[in-house]
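Visitor: Return a 3D structure for these sequence lines:
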Amino acid sequence: MRESKLTKFRMFFSFAVTILVTLLILKLINWIPLSFQKEDIRKYKTIEEVKAKLKISKVYVPSYFPEHINWPPAEIFAQKRPFIMVKMHFTHIDRMSFALSIYQVDSIADFKPKNKTDILYIKKESTVTIKGRKGKLVMAVCRGKQVCNKLSWEEGEFILTLISDDNPELLLKMAESML
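Guide: Below you'll find the predicted structure:
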């Protein structure tokens, strides 16, 4: 009788171990492709949605916007892998043309933002200070012979870039309001 109970216990234990090992193998098989998979950049409706779905704690947005720029962003794209990136595009209030792009990119990434308006040539580059941080201001001519400006600086683990058809002073004011 005692041998029968011991045999039943061994069978139950073997069954439980088999189930546990099978579950672990299935979990591993499910995890392997995710670890190698690149997450494509996706479009989001709000900044809060980006923070919640990608678990990004800080998305940099200016608290100052010139009156001629629409809020909220016309487009928001983001990704978590292979590196964190959030890009937002804003339009003019009176016409739906490009007004401002903001890029927040992991500083270890080798990423150069593609503009909504392509830079044809650079007129001037200078170093600027944004609340004690060194930044690079590029004044350029973009597609359609339109003047555009680009301001980039490092903020913690990110490189922040603003590209706009506004004058450099407004771009600096927006950048300072992000910190």
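
Visitor: Backbone dihedrals for E48, please?
Guide: phi -60, psi -40 (degrees, to the nearest 10).

Visitor: what do you get for S164?
Guide: Dihedral angles of S164 (phi, psi; degrees, to the nearest 10) stand at phi -150, psi 160.

Visitor: For H92, list each beta-bridge partner.
Guide: I69 (DSSP bridges).

Visitor: Make 58 the first number, not 1, from now on.
Guide: Let's use 58 as the start, then, which means that last one is H149.

Visitor: Tell me how many other residues crowd it.
Guide: 15 (other Cβ atoms under 10 Å). The C-beta positions use only the backbone N, C-alpha and C, and glycine is treated the same way.

Visitor: you'd agree it is up against A156?
Guide: Yes - with contact defined as Cβ atoms under 8 Å, H149 and A156 form a contacting pair (4.6 Å).

Visitor: Give the intersection of the neighbour lists for those two.
Guide: 125-127 (Cβ atoms under 8 Å, 6 or more residues apart in numbering).

Visitor: for those, which one is nearest L236?
Guide: For the shared contacts of H149 and A156, the minimum distance to L236 (Cβ to Cβ) is 18.7 Å, reached by I126.

Visitor: how much space is there between S154 and E106?
Guide: From S154 across to E106, the span is 25 Å (Cβ to Cβ, to the nearest Å).

Visitor: do L217 as well
Guide: Relative to E106, L217 is positioned 20 Å away (criterion: Cβ to Cβ).

Visitor: How far does the lowest-mean-pLDDT helix or strand in the chain sit from its chain's centre?
Guide: Within the chain, judged by mean pLDDT, DSSP states H and E, the helix or strand with the poorest mean is helix 59-93; its value is a mean of 78. Distance of helix 59-93 from the chain centroid (Cα atoms, centre = their mean, to the nearest Å) equals 40 Å.
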